[in-house]
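In: would you be able to build a 3D model of this:
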Amino acid sequence: MNTDPLALERGAAWPAGEVFNPDGRAPLVLVCEHASNRIPPGYADLGCDAHDLSRHIAVDLGAGELARGLALHLDAPAVLCSTSRLFVDCNRAPFESDWIAPVSDGSAIAGNADLSATQRHARAQLVFEPFHALVGETVAAKRRGDGDPLIVAVHSYAPFLDGLARPPVAVIWDQPTPATQVVAALRREVEPVGDNTPYDGRLARGYTFDRHARPFGLRRFAIEVRQDLLGEAGGVATWTRIVGEAIAAAMQARQ
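Out: Predicted coordinates for the structure are as follows:
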């Protein structure tokens, strides 16, 4: 299953990511690293069936739609990855075991088994580096025009972890400001709200923040919304409003 990386269609440029609402004026950049379940041509879907490609192992269900909704609601650019996290995870560092995971949540990913250094490098060049170039360019443009932007990563998660129900929404952070203001704003509408749970952002540091936020001292946090709630009728619109108003309140408190 270790398809030759040059099997990608000759002459076709694979879109590693997109910048949605690029002219958004708010001092904010939204990032969605797990917005898509697409696999580049020539890789035989990594040996995955349609079921696995529809699961959270391949995509944060509803997160891309939420990121686009927030971009319009808050008038901000959103950078979305156009490739499945199974091909290469743009929120993991290349030295991490799940950067290109051979097994994910019990499913063997045949096309990720026993990759050579050349094959791993090819994926980095095809998706990982171009995507992060888009993020870097978007953040740099904001810094030139509006001062230091807030960076918000948009994710979704499964309703249960190890048999325990997860909260409808969570804020994951490694610095309390403005995350605590966002948690407080969310709690005015929703309970419970995860405050650095089920993940602790001080321990599980995302690569995007390590590369684009921390080196420049930019404020940052991640939002997680339960994928089943985003999948309900009107769910994306509802959570766009709830999360968007919480982020807006925190941004206004800063001003």
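In: what are the ranges of the helices in this structure?
Out: Along the chain, the segments classed as helices by DSSP state H run 50-53, 63-74, 117-123, 129-146, 176-187, 207-212, 227-230, 235-254.
In: so of these, which one's packed in deepest?
Out: helix 63-74 (a mean of 24; mean count of other CB atoms under 10 Å). (Each C-beta comes from the backbone N, C-alpha and C, glycine too.)
In: that one: how far from the chain's middle?
Out: Distance, stretch centre to chain centre, for helix 63-74: 12 Å (CA atoms, centre = their mean, to the nearest Å).
In: quote the end-to-end distance of stretch 230-239.
Out: Start-to-end span of stretch 230-239 (CA to CA, to the nearest Å) is 7 Å.
In: distance between it and the chain's centre?
Out: The answer for stretch 230-239 is 18 Å, by CA atoms, centre = their mean.
In: run through who's touching it.
Out: 61-63, 65-66, 69, 156, 169, 225, 229 (CB atoms under 8 Å, 6 or more residues apart in numbering).
In: and which of those residues is nearest to A26?
Out: G69 (14.1 Å; CB to CB).
In: that closest one reaches I247, doesn't it?
Out: No: the criterion here is CB atoms under 8 Å, and G69 misses it with I247 at 11.8 Å.
In: quick one: low-confidence parts of the chain?
Out: Across the chain, residues meeting the criterion (pLDDT under 70) sit at 1-12, 253-255.
In: again, 90 this time
Out: Within the chain, the stretches with pLDDT under 90 are 1-13, 105-106, 145-147, 160-165, 198-199, 203-205, 250-255.
In: ramachandran angles for the closest residue to P130 other than its chain neighbours?
Out: What sits nearest to P130 in space, not counting adjacent residues and going by CB to CB, 6 or more residues apart in numbering, is A16, at 3.7 Å. Dihedral pair for A16: phi -70, psi -30, per degrees, to the nearest 10.
In: now A16: how far from W99?
Out: Distance, A16 to W99, by CB to CB, to the nearest Å: 15 Å.
In: same deal with F221?
Out: F221 is 23 Å from W99, by CB to CB.
In: could you do A237 as well?
Out: Following CB to CB, the distance that separates A237 from W99 is 34 Å.
In: thinking again about what came up before, between F221 and W99, which is the more surrounded one?
Out: Taking other CB atoms under 10 Å, F221 and W99 do not tie; F221 has more neighbours (27 against 20).
In: list the contacts of that one.
Out: 152-153, 171-173, 175, 178-179, 182, 201.
In: now those as a markdown table including distance to V127?
Out: Output for the contacts of F221, formatted as a markdown table (distance: CB to CB, whole Å):
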| residue | distance to V127 |
| --- | --- |
| V152 | 22 |
| A153 | 17 |
| V171 | 28 |
| I172 | 23 |
| W173 | 27 |
| Q175 | 29 |
| P178 | 31 |
| A179 | 29 |
| V182 | 30 |
| G201 | 24 |
